[in-house]
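Chemist: Build me a model from this:
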Amino acid sequence: MRVSDFHFHLPDELIAQEPLAARDGSRMLHLQRTSGEYSDRLFRDFPDLLRPGDLVVFNNTRVFPARLYGRREGAHAQAISPRNPASRDFLHGRVEVLLTRQLSTDPNDWECLVRPGRKIGVGERLFFGDQDELQAEVLTRADFGERHIRFQPVFHGGNDFFTTLDRIGHVPLPPYIARADSSRDRERYQTVYAQQRGSVAAPTAGLHFTQEIFDRIRQRGIATAEITLHVGLGTFQPVRTEKVEDHKLHSEPYSISADAASAINQALRNSSRIIAVGTTTVRTLEHAVRRSAGEIIAGPAAADLFIYPDPEIGFQFKAVKAMLTNFHLPQSTLLMLVSAFGGRENVLAAYKHALNERYRFYSYGDCMFLE
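Modeler: Now for the predicted structure:
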């Protein structure tokens, strides 16, 4: 299957640049995946579409201010020319670092993406904050252009790494949001149920939920459960191959508590409908159920499952029977996952309708319920 099979044209003006005033004020496209029929709804209708016996599963990961802006020392860079007046800016210019994965229990060791990537080599020293509150050294390069960096414990005022990061770091808004992050994003680019710090991107299907929506779900007697998958490169890395099958997906760490595993296993045994809120929840559940022949095991693991609509046998979903998701980028692994669940033709037809009806796309945009 070709990556171009998942292309569609999206006008820039349909990419949501700001969240709505009300979290639960989004529109929701309702797709019946067996028939391909769809209808226009509001997200506030979501609790009414749930059925007795359903289990709704959320990803409670918390986004942290993973983007850092700073400067580099330049000691390991090659100057353009000693006579060039731009050389000093070249050597000591601005750098951008996106922390993507903590490499150990030590908060100083990180995998990251850097910009400008070609200019920052092994041994380069980086400085962040007005008073160089964070300092790091580039240790190694990785296969996908990432760097392994280690921060030095030079935190000011007795603050630890994460306290300093919270103060000088930036909300890692995705690149299609063409503006700088603001203080408002600290609250809105985060689900109201976020708990476990570790993501560099929000599980955006969860951004629509409010306490009122949760109250309505509970009033209807619908069970819920939470898992934790920390969103990293595996979710947002672009597909650079021509064939879908040739793409290699980064793994992302996840954890399932004993209570969540028990609830999910009970739903599986009862053949109840498990509804995943977001593609990260889908990946977690489908990976977890395959680890042990259909039974969810509590504890930590890492998901590297690439879900796409195989043209011959399809993808067999073993846990998820319905899903809530936002609208995704053309030719992305997330669109491929949704297409595997809803059928590529059905999903692309629904996307065409959403474009014609001027739905808002991507992280701060509208959503879609597939069942």
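
Chemist: And the next helix or strand past the worst-scoring helix or strand of the chain on mean pLDDT?
Modeler: Of all the helices and strands that make up the chain, helix 87-92 has the lowest average by mean pLDDT, DSSP states H and E, namely a mean of 45. Next helix or strand after helix 87-92 toward the C-terminus (DSSP states H and E): strand 94-102.

Chemist: Could you check the angle the helix or strand just after that next one makes with strand 94-102?
Modeler: Beyond strand 94-102 on the C-terminal side, the first helix or strand identified by DSSP H and E is strand 109-115. On the basis of axes from the mean of the first three to the mean of the last three Cα atoms, to 10 degrees, strand 109-115 is oriented at 140 degrees to strand 94-102.

Chemist: Report the mean confidence score over strand 109-115.
Modeler: Averaged over strand 109-115, pLDDT sits at 91.

Chemist: what's the next secondary structure element after that strand?
Modeler: Downstream of strand 109-115, the first helix or strand assigned by DSSP H and E is strand 125-128.

Chemist: Other residues contacting that next one?
Modeler: The contact list for strand 125-128 (Cβ atoms under 8 Å, 6 or more residues apart in numbering) reads 68-73, 75, 95, 97, 120, 134-138, 149, 168. C-betas here are computed from N, CA, C, even on glycine.

Chemist: repeat for stretch 351-361
Modeler: Under the criterion Cβ under 8 Å, 6+ apart, residues 8-11, 14-16, 26-27, 29, 38, 40, 326-327, 365-366, 368 lie in contact with stretch 351-361.

Chemist: Same check on stretch 302-312?
Modeler: With contacts defined as Cβ under 8 Å, 6+ apart, stretch 302-312 is touched by 1, 229, 234, 244-245, 247-254, 282-284, 286-288, 290, 315, 333, 336-337, 339-341, 343-344.

Chemist: mind checking the end-to-end distance for it?
Modeler: From its first residue to its last, stretch 302-312 covers 27 Å (Cα to Cα, to the nearest Å).

Chemist: from the middle of its chain, how far away would that stretch be?
Modeler: Computed by Cα atoms, centre = their mean, to the nearest Å, the chain-centroid distance of stretch 302-312 equals 17 Å.

Chemist: Check which residues of that stretch are buried.
Modeler: For stretch 302-312, a neighbour-count test (16 or more other Cβ atoms under 10 Å) marks 303, 305-309 as buried.

Chemist: So, low pLDDT: which residues of the stretch 201-350 of the chain?
Modeler: Along the stretch 201-350 of the chain, segments meeting pLDDT under 70 span 234, 236.

Chemist: can you give me the strands for it?
Modeler: Ranges of strands in the stretch 201-350 of the chain, per DSSP state E, counting those that start in this stretch, are 223-229, 252-256, 274-277, 299-303, 322-326.

Chemist: R184 is nearest to which of those?
Modeler: The closest of the strands of the stretch 201-350 of the chain to R184 is strand 322-326. By Cβ to Cβ, the value is 18.8 Å.

Chemist: Now find how far off-centre the closest one is within its chain.
Modeler: Put simply, strand 322-326 sits 14 Å off its chain's centre (Cα atoms, centre = their mean).

Chemist: returning to what we had before: filter the contacts of strand 125-128 down to the buried ones, ChimeraX style.
Modeler: Buried residues among the contacts of strand 125-128 (16+ other Cβ under 10 Å), as a ChimeraX selection:
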select :68,70,72,95,97,120,134,135,136,138,149,168
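
Chemist: Show me the contacts of strand 125-128 that map onto helices.
Modeler: Counting by DSSP state H, these place I168 in helices.

Chemist: can you confirm T163 is in a helix?
Modeler: Yes - looking at T163 with DSSP: H, G, I helix; E, B strand; the rest coil, it is inside a helix.

Chemist: circling back: just the buried ones out of the contacts of stretch 302-312, please.
Modeler: Listed as buried from those are 1, 229, 234, 244, 247, 249-250, 252-254, 282-284, 286-288, 315, 333, 336-337, 339-341, 343-344; burial here means 16+ other Cβ under 10 Å.

Chemist: Domain map for this structure?
Modeler: 3-63+185-370, 67-168 (automatic domain parsing).

Chemist: Tell me which of these is the most buried.
Modeler: The highest mean neighbour count among the domains of the chain, using mean count of other Cβ atoms under 10 Å, belongs to domain 3-63+185-370: a mean of 19.
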